[in-house]
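A.B. asks: Next comes the sequence, and after it the predicted model I'd like to discuss.
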Amino acid sequence: MDSQNYYQNGKFYFTNIAVLLPANVMPENELGQYLDTRWVGTFKLNDDRTHIRPIIYFTGPWNSILTVKIKMLILNTQPLTWNFFGYPSRETYSMSRTRLLMDEEHLEGPEIPISDVLNEENGWLSKGKLSVEYGIEVLAEKRVDGVCRFNFHAYTLFVSRLKFDFRGRDLFLEKELTRFHSPLFEDEEEDWMFDDMIGKLRLRSVRNCLQIVHGVNMRMSMAKAIDILSIAHFLEFHTVLEYCQREIIQRHLDVSHYDLIRDPYIAFALRVHNYQSSKWYTFLLEFAMKLGLRHYLVHLLRDYKSLKSMAQDLKEVDLELATGESMKMIVAMFIYGNNFTRN
């Protein structure tokens, strides 16, 4: 079984099955932590107690729903061969499926007769234990906020995938979609590296940006919006720049109700875009002009009561960093005043 292609894989066991099974004792095998969830492998009898099957379930954050791709194979000690007519030398018990899974809901594996298992000549037992090989891949997750997010660490998430290494962690993206949204990813080289970005980008920030690229309708605070805007500008995802500006404007996000300076989301933005603690509003103005955020820039210009106050703030802005489009908007503001921002 190609379980090695799954992010979480391995084996779990029913040890001393001949003794524990009559006592109706089902051992639980800890499979480890995956996406802040605890995974467990165990076994289940049918109602007639004639067959047994492996099952896997997870426990995690309240109200979690996962889209899971899973494989299970009951192992046999005897080699599998085929005769001249293509028939196997013994039965095989395996399953592969993709389904939605809620907290503590079971994923059931293949069912095998208990009589076959306990007959040691059939090879299902190795030193008195029944062994199951498994592979688990969480393709997407939906948490309490109601937003369904892709798991970009899942190798099998997309058929046409683009892989790049982020500090030793592989991220798998939909190839054509990613290349459509950013020219940085148009190179045919699959293993696109962040060599020149090490120490600058956070994995969580990059994943948030990529969720929007892949169509996830994320909700965000002002701090998260600034963070994602910085990443999107760095990676040239122009559609994400548009999305974040819309979120800020339509949801009336501002800086008045947040201690943004201490928020870890904007650490990258503050460091890269030369933030000064005494010039927070000027920082936002320069940030919008530098990244070419034309919708957000108009949103900021509307707040000025007079051209004099706007000119005062512009003296603190490094206009050499502004895009040509941003400079045209500033000039238009001086010519037409607030009538420009209303159009």
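C.D. replies: The structure has been received and is ready for your questions.
A.B. asks: Quick check, Arg49 in contact with Pro113.
C.D. replies: No: using Cβ atoms under 8 Å, Arg49 is not in contact with Pro113, being 11.0 Å away. Using the backbone N, CA and C atoms, a C-beta is placed for each residue, glycine as well.
A.B. asks: and the nearest residue to Ile114 once chain neighbours are set aside, what does it touch?
C.D. replies: What sits nearest to Ile114 in space, not counting adjacent residues and going by Cβ to Cβ, 6 or more residues apart in numbering, is Ile52, at 5.5 Å. Residues counted as contacts of Ile52 (Cβ atoms under 8 Å, 6 or more residues apart in numbering) are Phe14, Leu21, Phe43, Lys44, Leu45, Asn46, Glu111, Ile112, Ile114, Val117, Leu130.
A.B. asks: circling back: show me which of Arg49 and Pro113 is the more surrounded one.
C.D. replies: Pro113 (16 against 11; other Cβ atoms under 10 Å).
A.B. asks: residues touching the more buried one, list them.
C.D. replies: Thr50, His51.
A.B. asks: Look up the pLDDT of it for me, please.
C.D. replies: pLDDT, Pro113: 94.
A.B. asks: Now do the SS call for the residue nearest to Ile114.
C.D. replies: For Ile52, the assignment made with DSSP: H, G, I helix; E, B strand; the rest coil gives strand.
A.B. asks: Look up how far Val132 lies from it.
C.D. replies: Separation of Ile52 from Val132 (Cβ to Cβ, to the nearest Å): 11 Å.
A.B. asks: re earlier: filter the contacts of Ile52 down to just the ones in strands.
C.D. replies: Cross-referencing these against strands under DSSP state E gives Phe14, Phe43, Lys44, Leu45, Ile112, Leu130.
A.B. asks: Surely the third one and Arg53 touch.
C.D. replies: Yes: in this structure, Lys44 is within contact of Arg53 by Cβ under 8 Å, at 5.6 Å.
A.B. asks: who's more crowded, those two?
C.D. replies: Remark: of Lys44 and Arg53, Arg53 carries more neighbours, 19 against 14, as counted by other Cβ under 10 Å.
A.B. asks: Report pLDDT for that one.
C.D. replies: 96.
A.B. asks: Not counting sequence-adjacent ones, nearest residue to Val68?
C.D. replies: Nearest to Val68 is Leu101, by Cβ to Cβ, 6+ apart, at 4.8 Å.
A.B. asks: gap between the helix or strand where that neighbour lies and the chain center?
C.D. replies: Per DSSP states H and E: Leu101 is located in strand 94-102. Distance of strand 94-102 from the chain centroid (Cα atoms, centre = their mean, to the nearest Å) equals 19 Å.
A.B. asks: give me the number of residues near the closest residue to Thr178 other than its chain neighbours?
C.D. replies: Nearest non-adjacent residue to Thr178, counting by Cβ to Cβ, 6+ apart: Phe185, 4.9 Å away. Neighbour count for Phe185, taken as other Cβ under 10 Å: 21.
A.B. asks: which ones are touching Phe185?
C.D. replies: Leu162, Leu173, Thr178, Arg179, Trp192.
A.B. asks: Correct me if wrong, but the first one is in a strand.
C.D. replies: Read it as Leu162. Yes: using three-state DSSP, the assignment for Leu162 is a strand.
A.B. asks: What about the spatially most central residue of the chain? Give its phi and psi, please.
C.D. replies: What sits nearest the mean C-alpha location of the chain, by Cα atoms, centre = their mean, is Asn151, with 3.4 Å. The phi/psi pair for Asn151 (degrees, to the nearest 10) reads phi -100, psi 100.
A.B. asks: Good, wrapping up.
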